[in-house]
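Enquirer: Provided below are the primary sequence and the corresponding predicted coordinates.
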Amino acid sequence: TKADAAARLLVVCADSLKVNEIRGDSTGTIKIIAGLKRTTISDSARSLAVEPDLVRKKRKFQAISDALYDLTRSVAYDRMKIFHLHCPMAFNDSEDGTWISNSSEVVNPYLGRKHPKFKDKMISCGDVTDSIDFTK
């Protein structure tokens with residue numbers, strides 16, 4: 001329920017991104033990339049909000065995370081440091097997944113506190129693979 005509500009809010013936020021106001025883009029490439037990523041984020045969030053299957057919700061979350069990471073790198077987002085995190089067991093304990101966060105602390109959104117086998121021990125499963133800091 002919380003993920004669905006957050007996804008609906010994300011649709012509104014993504015749809016309101018003012019891609020045409022990006023400055024310093026003499027070729028227009030950054031605006032094109034940003035527009036494509038905005039669409040991916042919005043469409044994936046819209047799908048996540050109505051998807052009943054948890055694994056498919058996680059796949060949509062992965063798509064959103066990837067697009068947000070790419071968007072952030074493309075437009076040189078300068079409001080805060082963003083961390084790119086990785087979990088080697090996000091899907092079926094054998095396939096990896098990534099996400100972004102404003103903290104380097106690993107709070108795994110894929111495995112959470114209710115892992116069938118490992119219970120709450122998986123909440124910190126993962127590592128920071130990259131960070132973006134254009135605030136400097």
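Expert: Received it, and whenever you're ready, just let me know what you need. Just so you know, these numbers come straight off a predicted model, no measurement behind them. Residues are numbered from 1 along each chain as shown.

Enquirer: For this structure, just list every one of the helices.
Expert: 2-15, 29-50, 54-75 (DSSP state H).

Enquirer: what comes up buried for the biggest strand by length in the chain?
Expert: Longest strand of the chain, by residue count under DSSP state E: strand 82-91. For strand 82-91, burial by neighbour count (16 or more other CB atoms under 10 Å) applies to 82, 83, 84, 85, 86, 87, 89, 90. (C-beta placed from N, C-alpha, C; glycine too.)

Enquirer: ok, now stretch 119-135?
Expert: 122, 123, 125, 126, 132.

Enquirer: hmm, who's touching the longest strand of the chain?
Expert: 55, 58-59, 62, 69, 72, 95-104, 106, 108, 110-111, 122, 125-133 (CB atoms under 8 Å, 6 or more residues apart in numbering).

Enquirer: pLDDT of that strand, averaged?
Expert: Mean per-residue pLDDT for strand 82-91: 93.

Enquirer: now swap in stretch 95-115 and tell me
Expert: 90.

Enquirer: For stretch 97-117, C-alpha coordinates in CSV please.
Expert: This file holds the C-alpha atoms of stretch 97-117, laid out as CSV (Å, rounded to 0.1, in the frame of the first residue of the first chain):
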residue,chain,number,x,y,z
GLY,A,97,19.2,-5.4,-8.1
THR,A,98,20.2,-1.8,-7.6
TRP,A,99,18.6,1.3,-6.1
ILE,A,100,19.5,4.9,-5.3
SER,A,101,19.4,6.6,-1.9
ASN,A,102,20.3,9.8,-0.3
SER,A,103,22.2,7.8,2.3
SER,A,104,25.1,5.4,2.1
GLU,A,105,23.4,3.3,4.8
VAL,A,106,22.1,0.0,3.2
VAL,A,107,18.4,-0.4,3.8
ASN,A,108,17.5,-3.0,1.3
PRO,A,109,14.2,-2.3,-0.4
TYR,A,110,14.1,-5.7,-2.2
LEU,A,111,14.6,-8.0,0.8
GLY,A,112,13.3,-5.9,3.7
ARG,A,113,12.7,-7.4,7.1
LYS,A,114,10.5,-10.3,5.9
HIS,A,115,12.8,-12.5,4.0
PRO,A,116,11.3,-16.1,4.0
LYS,A,117,14.6,-17.7,5.1
